[in-house]
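Undergrad: fold the stuff below for me.
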Amino acid sequence: PSVVPVTGIVWSLPGVPSSTAVLVTECEELGTLSSVMDNQTMELDFVKQLDIAKDLASALAYLHAQEDPQLGPALPNKLSGVLLNKHC
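TA: Numbers count the residues shown, from 1 in each chain. Just a heads-up that it's a prediction; the model follows:
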């Protein structure tokens, strides 16, 4: 699936502004897309990059297609908000 299931939300966490909710998700083994892209030892070939781009587009299309999308801060505004699992 393109969307990671949310296990819970933490409303109060030390070191995080009180107005910020933190999503709790299952572990994504590869971490963030930005860390994978910056990793010189891990190579993402063109086909894999295209697959990731299609998954992101599919996830965004799904979220925007909801009847009353309240997306706001739920959408990552940078690559560090995109998580990758071992199936990438």
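Undergrad: mind showing which ranges of this protein have poor pLDDT?
TA: 1-4, 69-80, 87-88 (pLDDT under 70).
Undergrad: apply 80 and report the result again.
TA: 1-6, 13, 16, 18-23, 25-28, 31, 59-60, 62-64, 66-83, 85-88 (pLDDT under 80).
Undergrad: quick one, longest helix in it?
TA: Counting residues, the longest helix found in the chain (DSSP state H) is helix 46-64.
Undergrad: so how far is that helix from its chain's centroid?
TA: Centroid separation for helix 46-64 versus its chain: 11 Å, with CA atoms, centre = their mean, to the nearest Å.
Undergrad: in it, which residues are buried?
TA: Neighbour-count burial for helix 46-64 flags 52, 55, 59 (criterion: 16 or more other CB atoms under 10 Å). Quick note: C-beta positions are derived from backbone N, CA and C, even for glycine.
Undergrad: quick one: which of the residues you listed is nearest to residue 67?
TA: Using CB to CB, residue 59 is the member of the buried residues of helix 46-64 that sits closest to residue 67, with 17.2 Å.
Undergrad: tell me where the protein has strands.
TA: Taking DSSP state E to define them, one finds strands in the chain at 6-10, 22-25, 31-32, 83-84.
Undergrad: restricting to C-alpha, output the first one in PDB.
TA: Meaning strand 6-10. Output of strand 6-10 as PDB, limited to C-alpha atoms (Å, rounded to 0.1, in the frame of the first residue of the first chain):
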ATOM      1  CA  VAL A   6      -1.300   5.200  11.600                       C
ATOM      2  CA  THR A   7      -1.200   3.400  14.900                       C
ATOM      3  CA  GLY A   8      -1.900   6.400  17.000                       C
ATOM      4  CA  ILE A   9      -1.300  10.100  17.700                       C
ATOM      5  CA  VAL A  10       0.800  11.600  20.400                       C
END
